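Engineer: Need coordinates for the following:
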Amino acid sequence: MAKKRDFDELLLEAIDEALSSLGESVKQAIYFHIQNKFVARNEIPTRIQDFQGGLEKIFGEGAQFIEILIMKNLHAKIGITLTIEADNPLEFIDYVKAARQNYLKKKSKRDAAKN
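Structural biologist: All right, here's what the predicted structure looks like:
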């Protein structure tokens, strides 16, 4: 059976896909600036706040559009419905934390069902 991918891998894929939708050269330029000034790509899952800060420094308010793309991609990858209240929308960092928690809960239930 294929190894189940962990959340960090899925998060990085979601980020890659969101940035790729802007164009490959744009993706490379964003990673170049993020890695030189804020956080290495492989550390993004554990330093999501630094990554978000980097996006905001580079794009200002426009960073929200990239964050939304990342959240949509992540949502599709983990296959978990997160309910977000309209009067209390989650910030990007909170969304990633909630997605991680729900993913881990789902994974532990799946693992328990195997045993």
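Engineer: Just to check, residue 30 is in contact with residue 18?
Structural biologist: No - contact criterion C-beta atoms under 8 Å: residue 30 and residue 18 do not qualify, at 9.9 Å. All C-beta spots, glycine's among them, are computed from the backbone N, C-alpha and C.
Engineer: Can you find the helix or strand of this structure with the lowest average pLDDT?
Structural biologist: Least confident element among the helices and strands of the chain, by mean pLDDT, DSSP states H and E: helix 92-114 (a mean of 85).
Engineer: In it, which residues are buried?
Structural biologist: 92, 95-96, 99-100, 103 (16 or more other C-beta atoms under 10 Å).
Engineer: again with stretch 49-56
Structural biologist: Using 16+ other C-beta under 10 Å as the test for burial, stretch 49-56 gives 50-56.
Engineer: Export it to PDB, keeping only CA atoms.
Structural biologist: Taking C-alpha atoms only, stretch 49-56 is exported to PDB below (Å, rounded to 0.1, in the frame of the first residue of the first chain):
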ATOM      1  CA  GLN A  49       3.500  32.600  10.500                       C
ATOM      2  CA  ASP A  50       6.900  33.600   8.900                       C
ATOM      3  CA  PHE A  51       5.600  32.500   5.500                       C
ATOM      4  CA  GLN A  52       2.500  34.500   5.900                       C
ATOM      5  CA  GLY A  53       4.500  37.500   7.000                       C
ATOM      6  CA  GLY A  54       6.700  37.200   3.900                       C
ATOM      7  CA  LEU A  55       3.700  37.100   1.600                       C
ATOM      8  CA  GLU A  56       2.300  40.200   3.300                       C
END
